[in-house]
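Student: need a 3D model of the sequence below.
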Amino acid sequence: MTETTPTPQVSGQIVQELPLEDVHTYLLVRDRMAGEDPNLESLVTSIREIGLSNPIRVQQRPDGTGFELIQGLRRLMAYRQLNRQDGQGEWSCIPALVAPGQADMPALYRQMVDENVIRSDLSFAEMARMAQTYAADPETSANDLPEAVAVLFRSAPYSKRSYIRSFAYLIDRIGPCLAYPAEVPRALGVTLARAIRERPELVGHIRRDLADWDGRSVRDELDVLRRYAATDELDEEIGVAPARKKPARPGQGAGTRITFHMPSAAGPVRCTASAGRFEIRLDRDFPAIDRARLEQAAASLIAALG
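Tutor: Numbers count the residues shown, from 1 in each chain. Below is the predicted model:
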């Protein structure tokens with residue numbers, strides 16, 4: 001290990017300039033999922049211009065081979081990027097608080113969660129992955145995922161803990177085929193997890209739709225997930241058994257939704273009709289059409305329906 005030069009203490013902990021190669025991230029599976037961090041470039045710019053105001057936090061590894069990162073993954077990533085970009089050695093060391101003693105795994109997990117959740121800096125998928133890792137770690141006392149969620153997010157309201165459990169279920173089922181799990185919005189993730197619980201066969205369809213699709217965008221992936229979250233509109237399209245319908249309210253017919261497909265000069269059209277709603281889906285940029293034409297088309301449709 002490269003020799004380091006201690007600097008003054010901060011809150012009882014020693015601050016050192018540690019070589020980047022001596023800082024490791026093996027002890028904990030990090031709370032970040034793979035993918036581009038949109039805020040990293042601004043952090044890199046800030047550090048380059050004004051320096052690092054908040055040192056990372058590390059602990060001596062039990063085997064003596066460097067230090068283990070406890071807090072500050074994005075700061076460490078920013079320094080590594082600066083070091084790669086500049087290549088002059090200016091960014092080869094990073095200020096770090098060196099915590100004394102041996103690692104307390106449950107405490108380290110909670111610190112890592114608190115550091116990011118307080119700043120609203122974690123997605124639901126990332127929080128779910130952290131709970132899964134905590135539950136699987138033999139160094140913690142959690143026996144299953146619900147217990148892990150309860151321990152790590154005990155200050156969160158029940159609804160948020162429920163969302164995290166739903167995302168953990170979703171990541172278990174389709175996580176490996178997702179390129180952008182951290183971009184899945186809360187409502188979509190919870191709805192899709194519920195759909196998969198009711199109809200496990202959807203997992204195979206989602207995996208096939210996303211398989212070998214290199215270069216897809218966040219929007220591409222979310223569009224696929226939204227299709228399968230709206231399972232009642234997919235019955236005819238993918239050939240799965242329809243979900244059990246809620247009993248009709250008095251005055252309603254047994255079938256409260258009708259979906260059908262039809263050809264047109266502009267391409268295939270999918271129509272969905274329900275109480276108070278009639279939807280037409282066609283591969284057209286409708287906002288680009290003159291408003292008067294749209295109004296005339298809508299008036300003709302309404303008149304034809306009587």
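
Student: ranges for the helices of the stretch 51-200 of the chain?
Tutor: Assigned by DSSP state H, counting those that start in this stretch, the stretch 51-200 of the chain shows helices spanning 73-86, 105-117, 124-136, 145-152, 158-174, 186-198.

Student: please apply the same query to the stretch 201-306 of the chain.
Tutor: Under the criterion DSSP H, counting those that start in this stretch, the stretch 201-306 of the chain contains helices at 202-210, 218-229, 235-238, 291-305.

Student: those helices: lowest mean pLDDT?
Tutor: The weakest mean pLDDT among the helices of the stretch 201-306 of the chain belongs to helix 235-238, with a mean of 45.

Student: now render the helices of the stretch 201-306 of the chain as TSV, adding mean neighbour count and distance to Val190.
Tutor: Bear in mind the C-beta positions are built from the backbone N, C-alpha and C, glycine included. Output for these, formatted as TSV (neighbours: other Cβ atoms under 10 Å; distance: least, Cβ to Cβ, whole Å):
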stretch	mean neighbour count	distance to Val190
helix 202-210	16	15
helix 218-229	17	9
helix 235-238	14	21
helix 291-305	10	34
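
Student: TSV for the helices of the stretch 51-200 of the chain, including mean neighbour count?
Tutor: Converted to TSV, those look like this (neighbours: other Cβ atoms under 10 Å):
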stretch	mean neighbour count
helix 73-86	18
helix 105-117	18
helix 124-136	23
helix 145-152	20
helix 158-174	19
helix 186-198	18
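
Student: quick one: which of the ones you listed is nearest Arg293?
Tutor: Between Arg293 and the helices of the stretch 51-200 of the chain, the shortest gap by Cβ to Cβ is with helix 186-198, which sits at 33.0 Å.

Student: who touches that closest one?
Tutor: 124-125, 163, 166-167, 169-170, 173-174, 184, 202-203, 222, 225-226, 228-229, 231, 243 (Cβ atoms under 8 Å, 6 or more residues apart in numbering).

Student: keeping just the C-alphas, turn it into CSV.
Tutor: Backbone C-alpha positions of helix 186-198 (Å, rounded to 0.1, in the frame of the first residue of the first chain) are rendered in CSV as follows:
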residue,chain,number,x,y,z
ARG,A,186,-42.6,4.4,-8.5
ALA,A,187,-46.2,4.1,-9.9
LEU,A,188,-45.0,2.0,-12.9
GLY,A,189,-42.9,-0.3,-10.8
VAL,A,190,-45.6,-1.0,-8.2
THR,A,191,-48.3,-1.5,-10.9
LEU,A,192,-46.0,-3.8,-12.9
ALA,A,193,-45.1,-5.8,-9.8
ARG,A,194,-48.8,-6.3,-9.1
ALA,A,195,-49.5,-7.4,-12.6
ILE,A,196,-46.6,-10.0,-12.5
ARG,A,197,-47.9,-11.4,-9.2
GLU,A,198,-51.3,-12.0,-10.8
